[in-house]
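>>> no FASTA, just this:
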Ligand code: SF4
Ligand code: MG
């Protein structure tokens, strides 16, 4: 994903300049084969729009999305259809995305037939059974309807449907957010083991840093349409550098008897229509200084090329802030 932007012009009201919602504003990253990259941030930070743009569900305003050597943004419908099976999506609410009138077997057969994965009724039925078993459901589930299952089971069905076209990448948009804590853990474990087994790449979009820690390899933290920190899981979770990441992580309840002071941010997330000048986080940043109000910090590597941070603070100041 290279310098991706997604701006939504708003309907003109009055005579002022036209307002633009800068939902995604110059975001770049890569996801390797078999890797999970998590995109975290508060609601409204642009992470879902980013996911939808990567999937080709909405065209970017600028920038490019490359997939396995193919440029996939702005493809015409027939070409997009052909490449579509390689990237799939799982959303938050499985009930909304499963047809109430179709049997589970038919829901899973649809992508198998549409993408020509297997041919013939017998082969399709056999594959449907395998998909159900892969996600920990009995083969008999194929004769039932979505409403007969619990939330966690329905999400397993959505995962099976996403796996049906044998994708390389699955975008999970808040895929476990609506589930009970224990069910969340089961679904996350399932995703992690499927990823291992199938060599899948996952783009795991979530506001929940605690759950992200269980399955991700790398983390990108978004704030108001931009990535403010990106790096290996342990670096970001254990030694966060950006003041916003530090605040997010301080809000995650600690296990293992660790203690840390919670950093409470002042105010709400500003509107993405006219994001603050300079560093977008400066209106809430406890470390902000003059330069932050005028100059937008660019992502740069801090300490190791495995971690990029967009902040004007120097390394020593960031270390000081980590301890303080
Ligand atoms: Fe805070 Fe300034 Fe760093 Fe932005 S650039 S996160 S305002 S210290
Ligand atoms: Mg969202």
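Here it is on my side, so go on. Quantities reported herein were computed from a predicted structural model and do not represent experimental measurements. Ligands and ions are numbered 1, 2, ... in the order given.

>>> list the contacts of the longest helix along the chain.
In the chain, assigned by DSSP state H, the helix with the most residues is helix 181-198. With contacts defined as Cβ atoms under 8 Å, 6 or more residues apart in numbering, helix 181-198 is touched by 34, 36, 134-136, 150-152, 155-156, 159, 163, 172, 175-176, 179, 200-202, 204, 211, 214-215. Placement of C-beta: from N, CA and C, glycine included.

>>> 7 Å instead, please
For helix 181-198, the surrounding residues in contact (Cβ atoms under 7 Å, 6 or more residues apart in numbering) are 34, 36, 134-136, 151-152, 155-156, 159, 172, 176, 179, 200, 202, 211, 214-215.

>>> how about the helix or strand just after that helix, which residues are buried there?
Note on helix 181-198: by DSSP states H and E, the next helix or strand toward the C-terminus is strand 201-206. Under the neighbour-count criterion of 16 or more other Cβ atoms under 10 Å, strand 201-206 has 201, 202, 203, 204, 205, 206 buried.

>>> relative to strand 201-206, what are the paired strands and their orientations?
Using DSSP bridges, strand 201-206 pairs in its sheet with strand 36-40 (parallel), strand 169-173 (parallel).

>>> and the buried ones among the contacts of helix 181-198, selectable in ChimeraX?
Applying 16+ other Cβ under 10 Å to the contacts of helix 181-198, the buried members can be selected in ChimeraX as follows:
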select :36,134,135,136,151,152,155,156,159,172,176,179,200,202,211,215
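
>>> which ones among the contacts of helix 181-198 are found in helices?
Filtering those for helices - DSSP H - leaves 134, 151, 152, 155, 156, 159, 211, 214, 215.

>>> the fourth one contacts residue 96, doesn't it?
No. In this structure, residue 155 is not within contact of residue 96 by Cβ atoms under 7 Å, at 11.7 Å.

>>> on that earlier part again, dump the strands paired with strand 201-206 into CSV; add distance to residue 282 and mean pLDDT as well.
Below are the strands paired with strand 201-206 laid out as CSV (distance: least, Cβ to Cβ, whole Å; pLDDT from 0 to 100):
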stretch, distance to residue 282, mean pLDDT
strand 36-40, 20, 97
strand 169-173, 29, 96
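
>>> quick one: which of the ones you listed is nearest residue 277?
Comparison of these against residue 277 by Cβ to Cβ identifies strand 36-40 as nearest, at 24.6 Å.

>>> which residues touch the very next helix or strand once past the closest one?
Proceeding N to C from strand 36-40, the next assigned helix or strand is helix 47-54, under DSSP H and E. Residues lying outside helix 47-54 but in contact with it, judged by Cβ under 7 Å, 6+ apart, are 1, 4, 6, 23-24, 27, 39, 41, 58, 60, 65, 171, 173, 203, 205, 222.

>>> now that we have those residues, which one has the most neighbours?
residue 24 (31 neighbours; other Cβ atoms under 10 Å).

>>> for ligand 1, see how far away that residue is.
Distance, residue 24 to ligand 1, by Cβ to the nearest ligand atom, to the nearest Å: 19 Å.
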